[in-house]
Every structure is written in structure tokens, then in C-alpha cells.
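Student: Below are the sequence and a predicted model; questions follow.
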Amino acid sequence: MTADQTNPVVRTPYGAVRGRYEHGVATFRGIPYAAPPFGPRRFRPPAPPEPWDGVRDADCFGPTAPKPPYSEAFAQYLSDPDLPGDDCLNLNVWTPHPGPDARLPVMVWLHGGALTRGSSAVPVYDGHTFARDGVVLVSVNYRLGVEGYGLFPDAPANPGLRDQLAALRWVHESIGAFGGDPDRITLCGQSAGAISIGALIAAPQAQGLFRRAVLQSGPPEASDRDKVRRMVRRMATRLKVPATAEAFAAVDRELLLRTQAEVGRLSSPVLGGPAFGIVVDGDLVPRDPLEALVDGEAARGADLLMGWTRDEYRLWLVPGGLMERVDRLGAVALAGAMARCHCGHEVVRGYRARRPEAGTAEIVGQLVTDHLLRLPLHRLADARPGSSYVYEFAWPSRLPGLGACHALELGFVFDSGDVPESRKLAGEGAPQELADAMHGAWVRFATDGDPGWEAWDATHPVRIFGDGQPYTAYGPRDAELLLWAADTTDPQATAVPTAGPADTSRARAAELRSVIRRLRRSGGVRGG
């Protein structure tokens, strides 16, 4: 590292970059880790960036990947800057001590957003607080939506995941010059970012590039290839072009984004529907990541920190007033959740018994949350006792109806509750002591692999971050999750229960269709 008029300068494998000091730490933004993925590189695996001469300014965020905006219903809670430009495969580094001798722990952050939205420029993800506390923080942009996860017969699958792997290789090779230790890299992500990390820690090509991983509200999973193909085919039908990468590459970028947004409006954790996702490709993802990790054949030595928020589903249902609509649907909504989660009536009755005051929306939301998140994360922790740590975020937002919803923990993990974008989801008056506790746990985990509570064992310790001091509960979700283990229902035989006469059932079915249309308009999403 050198200094140019008090600004830090670091040499990367492709050229020198000049950052600047902010909040007492050296900050570098918009560093390219791969070439722009457009022109002949569109829908292809990432290529190395072109080297440059002289010193490149790295004082502002680089372009974000092409993406549609959040709907109005979600934009009131979630921020998503859109920065134009082709050079969107870039990353940012915050470090307290640029230079090869510091050997500090490193965190590599992958943002959420259902693999269709989000970026490293979201203000909540500012990395200066981690650098302040002795951790080098790297945040990454990667291709999204059809550009990153479209499935075509004439292009490799998972280019967005391949971008993330390229960024991880860049970090492993380059981070020493920024003061980081390439042997102490922790992968961290939330929602779609956590799902991505699940695939990376199971990927043979990523082995040796990281030491630990944090999965926030996202399990290792692979999407059904036909589900992803349906997204591409529906887009192709609207665009009146073949469902090939060559044909899509010739479509105007803005038209492609508008079409993607229209086709993807049904995609939601509650309703399912076609969606983009990581698929088994026989190469980077040779098999289902969860199965590979549970079998123990992948990332055997990696320490894992993983968890969820108490009320994940409220971010999926509160925007647009869908909680109330689902409550009115009653048995029809429950039948849809049973089909979505492949569970039977005994599971639903068990949830009802444990939550006698809960409305239908809460039961549906918890069923979907457990099916998508808690069951697979429990399974992963059970397969890796002694090296897994589990948490639950339980502090409720100050905003009406949100509770401890999906993505709410981010402002506490990053200790960024003072930025307006955090208050959009948390409201005013978020407790600083909770941010101190949660952020501190993540720092400790990245530093030495111990966040400050017991590793997972037969007692199922879960660290609860809520009102008051964090505490450890033992098996707090076991009673409900055990209902699934006892369920032997054939998903194909699950009948839709009626709630009365045939005309009443038809009326509720019509209302269900209305809810689906409402979700389409509001753009239901999984990622935060």
C-alpha cells in the first residue's frame, strides 16, 4: 500500500486502485473483479477484467447489475440503488489497515434480493463498522435475474453464481494487499445471498477459498430446472423470440427487465410459482447443495453460523395488505400452504394447537418459513454438530405489522441503524445495545469461529436476539418442527378442505385468485 495525497493506494493483480479514508478506515469502491458481462460475454461465465495502467480511482460505487425496481409496496421498506453502466461485476473493500502485514479476518458479503434485485450499494451494507472492529469487509455485485440465472440450451447455467466464485477467487488472491488474511475468509449473506453461499460452500471449485460461512435467512438449496425454464419460456413468449441466450442477448435491456418483472410477479415464498434460482448443472453445482453438505462430502472443516428471523413471512405478506386478505381466506389459504409445503392436516393442527390465538396468515407464514428455512437449517446443523451455531432474531420492528420480519436483522448485523435506509424497515428507536450484541457476535465469528454461545449439539442451543439481553434457548422450535418428521402425508393426496357450501368455497377460491393478482401487482419477493 502507498499513499497519494493522504488517500490509500493498493495494487491489485489488474492495476492499482486509489480509495479514501472515511470514518477512520480505508474505503475502496467499484473495483472490477471481472470484465463487463455484455456484448459477446453476455450469458457467458465471467472473464478477467482488462488490466489498467496508472492508478484507478475507487472512491464511488460501481454500476449495479441490471434489475427491475421494487414495487411501490416493497420500496417503502427496502432500498435498492440503481447505478447505470456495463462494468457491474465489481466489489468494495473496507479495511482498517491496508497493507500486506495486517493479516486481518475477512468477511465477503453477498446481498439478498431473490436473485433479481439488490446490490452492494445498499447503504445498510456499509462496511466501515466491521473495519472499525478489525475485520476487512468485502461486498460484491453479481448478475441478477435472467442475466444471471436464466437457463438456456446454448449457455452455461448459473452465471451469477459463477460471478460470485470469480469474486471469491479475486478476494483470495488480492485481499492480502488490503490487510486481509486469505486464510481467514468468511462468506456471509442474507436470503438469496445465503442461498448462494450454501451453493458455494458445497461447490468443489470453491474449496480452499474460505474458512467459515454465515447464512442469514437462506438455506442451501437447488431450484427445480423446469421451474427456472418456465420463467425463460414465458419471457420468450412475451418477447416473441426463441428461448435461447442468443435470442435474449439481442433484446433491448430495458424491455428484457420489464418482461422479467411482469413474468415474475407471481414468484413468492408463499405462493411459489416460476422463479429464477440456482440449479444443479453438473459442473459448479454437481448436486443439490444441502444434500452434499448433509452427507459431509463438501466443506468438511467450515464453521457455520446460521439462523432466521422470528416472523420472516411478514415482509412477504404485510406490503399491500396481504395479511388481512390471507386471514379472510381461511381454509383455502391453509390448503394452499399445505400444497406449497407438502404437509398434511396433522402438521396444521399442531401449529394451531401451539398458536391458538393466531390468525390464518400467521399459521400460513410460519408453515412456509419452517418449510423453506428452519427445517433445512436444522438438518444442516444436525449434520455438523460442534461446528454450527444457530440464532433467531426476535426483535419486532417499530413499524406496524412487520414484527421480526425478513431482512430486519441486517441493520443490526452491520450496526447501521443510524442510516435512513435501516429505519425504513426498523422504524425509529432501534436499540443500539442489540446492534452491539449482534454485530459483535458476527465479528467474533469471523475472527475466531466462536460467536459467543454454545455450538449446536443434541440440546439444540439457539441464541435469541430480541428485546433485552440476548439469551440461549434450547430447542425453541423443536415441538413444531417435529410435527413434520411425523407427517406421512402424500403431497399428491392432500385435499383442499371446504369451508361450507359449494358457493362459499367458490367465493373463497375467487378471493384466492384475487390475492394472487394482488401479489403479482405488488411483486412478492424472497430476498431482502
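Tutor: Now that the structure is in, tell me what you want to look at.

Student: and after the helix or strand L377 falls within, which helix or strand comes next?
Tutor: Here L377 sits within helix 375-383, counting by DSSP states H and E. The first helix or strand that comes after helix 375-383 along the chain, using DSSP H and E, is strand 388-393.

Student: Extract the C-alpha trace of whatever helix or strand comes next after that next one and format it as PDB.
Tutor: Per DSSP H and E, strand 388-393 leads on to helix 410-413 as the next helix or strand towards the C-terminus. The C-alpha trace of helix 410-413 is given here as PDB (Å, rounded to 0.1, in the frame of the first residue of the first chain):
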ATOM      1  CA  LEU A 410     -29.400  -6.500   8.600                       C
ATOM      2  CA  GLY A 411     -29.200  -3.100  10.200                       C
ATOM      3  CA  PHE A 412     -28.100  -4.800  13.500                       C
ATOM      4  CA  VAL A 413     -25.600  -7.100  11.900                       C
END
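
Student: from the middle of its chain, how far away would helix 410-413 be?
Tutor: 14 Å (C-alpha atoms, centre = their mean, to the nearest Å).

Student: How about the helix holding L377, which residues are buried there?
Tutor: 375-381 (16 or more other C-beta atoms under 10 Å). (Glycine included, C-beta is placed from N, CA and C.)

Student: Could I get the contacting residues of R169?
Tutor: Residues in contact with R169, defined by C-beta atoms under 8 Å, 6 or more residues apart in numbering, are L209.

Student: and it, how far is that from L91?
Tutor: According to C-beta to C-beta, to the nearest Å, R169 and L91 sit 12 Å apart.

Student: any idea what P105 is structurally, helix, strand or coil?
Tutor: strand (DSSP: H, G, I helix; E, B strand; the rest coil).

Student: Quick check, pLDDT for it.
Tutor: P105 carries a pLDDT value of 98.

Student: Please look at it and P182 and confirm they touch.
Tutor: No - using C-beta atoms under 8 Å, P105 is not in contact with P182, being 10.7 Å away.

Student: Show me which of these two is the more surrounded one.
Tutor: Per other C-beta atoms under 10 Å, whichever of P105 and P182 has more neighbours is P105, with 24 against 17.

Student: need the contact list for that one.
Tutor: P105 neighbours (C-beta under 8 Å, 6+ apart): 134-136, 180-181, 184, 186, 446-447.

Student: quick one: which of those residues is nearest G24?
Tutor: Using C-beta to C-beta, G134 is the member of the contacts of P105 that lies nearest G24, at 12.3 Å.

Student: Compare the contacts of P105 and tell me which is most surrounded.
Tutor: Counting neighbours by other C-beta under 10 Å, V136 leads those with 32 neighbours.

Student: Show me what it is bridged to.
Tutor: The bridge-partner assignment for V136, based on DSSP bridges, gives V106.

Student: correct me, but it touches N92?
Tutor: No - taking contacts as C-beta under 8 Å, V136 lies outside contact range of N92: 11.1 Å.

Student: Please find the angle between the direction vectors of the helix holding L377 and strand 388-393.
Tutor: Angle, helix 375-383 to strand 388-393, by axes from the mean of the first three to the mean of the last three C-alpha atoms, to 10 degrees: 150 degrees.

Student: Can you list the neighbours in contact with helix 375-383?
Tutor: Applying C-beta under 8 Å, 6+ apart, the set of residues contacting helix 375-383 is 215, 219-221, 290, 293-296, 304, 306-308, 388, 390, 456, 460, 477, 481, 484.

Student: Just those: which are in strands?
Tutor: 215, 304, 306-308, 388, 390 (DSSP state E).

Student: Between the residues you listed, which sits nearest G85?
Tutor: Taking C-beta to C-beta as the measure, G85 lies nearest L215 of the ones in strands among the contacts of helix 375-383, at 30.5 Å.

Student: can I assume the closest one is in contact with M306?
Tutor: Yes - counting by C-beta under 8 Å, M306 is a contact partner of L215 at 4.1 Å.

Student: what do these two both touch?
Tutor: 194, 377.

Student: for the stretch 101-250 of the chain, what spans make up the helices?
Tutor: Secondary structure of the stretch 101-250 of the chain (DSSP state H, counting those that start in this stretch): helices located at 128-132, 145-149, 159-174, 192-202, 225-239, 245-249.

Student: repeat for the stretch 351-500 of the chain
Tutor: Assigned by DSSP H, counting those that start in this stretch, the helices in the stretch 351-500 of the chain fall at 360-369, 375-383, 410-413, 420-426, 432-448, 478-486.

Student: Looking at these, which is nearest to T129?
Tutor: Comparing the helices of the stretch 351-500 of the chain by their distance to T129 (C-beta to C-beta), the top pick is helix 432-448, with 6.5 Å.

Student: For the closest one, buried residues please.
Tutor: Buried, per 16+ other C-beta under 10 Å, within helix 432-448: 434-435, 437-439, 441-447.

Student: and those residues, which two are the farthest apart?
Tutor: With C-beta to C-beta as the measure, no two of those lie farther apart than L434 and T447, at 20.3 Å.

Student: how close does L375 get to G365?
Tutor: Taking C-beta to C-beta as the measure, L375 falls 15 Å from G365.

Student: Leaving out chain neighbours, which residue sits closest to L115?
Tutor: A192 (4.7 Å; C-beta to C-beta, 6 or more residues apart in numbering).

Student: Now do that neighbour against R349, distance only.
Tutor: A192 is 33 Å from R349, by C-beta to C-beta.

Student: Ok, T244 next?
Tutor: 48 Å.

Student: can you check P289 too?
Tutor: Taken as C-beta to C-beta, the span from P289 to R349 is 33 Å.

Student: ok, now T95?
Tutor: With C-beta to C-beta as the criterion, T95 and R349 are 54 Å apart.

Student: Looking only at neighbour counts, state which of those two leads.
Tutor: Legend: neighbour count by other C-beta under 10 Å for T95 and R349, higher for T95 (31 against 11).

Student: Quick check: the gap between the more buried one and R41.
Tutor: As judged by C-beta to C-beta, T95 and R41 stand 30 Å apart.

Student: now do G307
Tutor: In this view, G307 and R41 are 37 Å apart by C-beta to C-beta.
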